[in-house]
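Asker: Next input, structure requested:
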Amino acid sequence: VLNLHGFVGYFEGLQEIPYELQITSPQQLTPSTSLTKISKENENGLDTFKGARYFDIIDNPIMYSPPNSTTFDVNGISVSISVYSPNNKYSANDFRPSMEKMMNAQKEFLGSINGTSKYNILLYLSEVNKEDATGFGALEHHTSTLAVLPEQMSLQDLEETLIDLVSHEFFHIVTPLNVHSKEIQYFSFNEPIMSKHLWMYEGTTEYFANLFQIQQNLIDEKDFLDRISEKMNNSALYDDEMSFTAMSENVLSTPYKENYGNVYEKGALISMCLDILLRDLSDGEFGVLWLMQELSLKYDHDTPFEDDEIIKEITKMTYPQIGTFFADHVVGNTPIDYDEILKIVGLEILGIDTET
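Answerer: Numbering: from 1, shown residues only. This next block holds a predicted model:
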C-alpha cells in the first residue's frame, strides 16, 4: 500500500500544476487506485498515473496486490472493491453483495448529489504479526476508502465493520469533496491553516452515515436511536463548553486536538439538531440533506466557500433561528439541550451515561 504523502513531494508554488507519476512494479501485482492510469509497459512493469495537481496524487493511495477485485455500478458511479488477502481467505466478490446493497442505498439517499463518477474500496487484510500491519481502521479520501483489518475476522464481522467504515467515508463525496472551504482547496502542507467547519466535514458525514441506514430500511428505529444515545454518552466525555469552530480551527494544538474525536460524536449530534430544527421550521419540507444538496449546487471540486462566511450564508438560505443555533452552540460555547430539541420529534432523554 502506497500512501503517497510519504513518497511524493512538490516544488514550492507548483502545487496546482499537473503531475505524472511512474511506478515500476512486479508483473504479478495489479495496482488499485482512483488515480487515472495512462499506461502500463508490460515489458518492465512501468505504470504511469496522472493527476491534475499535487493534491490529486496524495489523495489517492495505491494498493499493489495479486488480482482480486470486482466492479459494479451504483446509479452512474463505478465502484471497485480490491482486496489483499495474504492467505487467500477472502475474495473481493465475498464483499460485493453487502457493499453493493449499502452503496445503492446511499446513492438513493443522496438523490441529486453527484460528487464523483468513480469510487474505490481498498481492503488490506493483515496477518496481525510484527512484520505486518497492526493498526486497524480506515482513511477516507475523496474518491476512495482504504481499510486495514485483520484477516482472521469472520466474513460477517468484516462486512459489518466495512459497512460502518465505508458508509461514513463514501459520504465524504458530499463534503468536503464538493462543499469545502478555501483552506481545504488550497491546503498549506508545510504550514497548515485549518478550516473552522469540522462540524460539517465530519459531523454531517457521520450523521448521514447513520441516517441513511434507517431511511433506507437497513436498520430499525431502535438501532438508530441506540446509536444516537451512544453518541450523546460519548460526547459527554469531551469538553462540552468548547466552541466547535474554535476546536476545528485549532485542532492541531492542545487542548483542542484532544477533543478531535468529538467531531464524530457531537459533530453528528449538531447535524441531527440542525435537521430537526430545519424540519420543524419548514413544516417538514427541508432538512440537512436538502441543505447539503443546495450547497452542492453552488460549490464543487474547484469552487470553495469562504470559511468565515458559510454560516452567514446558511442562515440566509434558511431561518434566523438556525443562525442563533450556530451562534450559541457551534461558534459559541453553550452546551446543546438535546432534550429540548428531541421533544420536537416526540423523544425524551431518560439519562446520559458519563461513566463509559
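
Asker: Three-state assignment for the residue most central in space within the chain, please.
Answerer: In the chain, the residue lying closest to the centroid (Cα atoms, centre = their mean) is E169, at 3.3 Å. Counting by DSSP: H, G, I helix; E, B strand; the rest coil, the backbone at E169 sits in helix.

Asker: gap between it and A209?
Answerer: From E169 across to A209, the span is 9 Å (Cβ to Cβ, to the nearest Å). C-beta: built from backbone N, CA, C; applies to glycine.

Asker: Where does I314 sit, in terms of helix or strand?
Answerer: Assigning secondary structure by DSSP states H and E places I314 in helix 310-317.

Asker: same check, this time on E160
Answerer: Using DSSP H and E, E160 falls within helix 155-170.

Asker: Which strands or helices does that helix pack on?
Answerer: Applying 3 or more Cβ pairs under 8 Å, 6 or more residues apart in numbering; DSSP states H and E, one finds that helix 155-170 makes contact with helix 92-110, strand 118-126, strand 137-141, strand 144-150, helix 205-215.

Asker: what's the least confident stretch among those?
Answerer: For the helices and strands packed on helix 155-170, mean pLDDT drops lowest on strand 137-141, to a mean of 85.

Asker: Give the pairing partners of that one; include direction for each.
Answerer: strand 144-150 (antiparallel) (DSSP bridges).

Asker: if we can go back for a sec, name the residues of the helix holding I314 that are buried.
Answerer: By neighbour count on 16 or more other Cβ atoms under 10 Å, the buried set for helix 310-317 is I310, I311, I314, T315.

Asker: From D157, how far off is the spatially closest residue to the first one that is not a sequence neighbour?
Answerer: Here the nearest residue to I310 in space, its sequence neighbours aside, is H197; by Cβ to Cβ, 6 or more residues apart in numbering that works out to 6.5 Å. When Cβ to Cβ is applied, the distance between H197 and D157 equals 34 Å.

Asker: Contacts for stretch 338-352 next, please.
Answerer: L225, M232, N233, A236, L269, C273, I276, L277, D280 (Cβ atoms under 8 Å, 6 or more residues apart in numbering).

Asker: Alpha carbons of that stretch, as CSV, please.
Answerer: The C-alpha coordinates for stretch 338-352 follow below in CSV (Å, rounded to 0.1, in the frame of the first residue of the first chain):
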residue,chain,number,x,y,z
TYR,A,338,-30.7,17.8,23.4
ASP,A,339,-33.8,17.0,25.5
GLU,A,340,-35.4,20.3,24.3
ILE,A,341,-34.7,19.6,20.6
LEU,A,342,-35.6,15.9,20.7
LYS,A,343,-39.0,16.8,22.2
ILE,A,344,-39.8,18.4,18.9
VAL,A,345,-39.9,14.9,17.4
GLY,A,346,-41.6,13.3,20.4
LEU,A,347,-38.5,11.9,22.0
GLU,A,348,-37.4,12.2,25.6
ILE,A,349,-33.9,11.6,27.1
LEU,A,350,-34.1,9.4,30.3
GLY,A,351,-30.4,10.0,31.1
ILE,A,352,-26.9,10.3,29.8
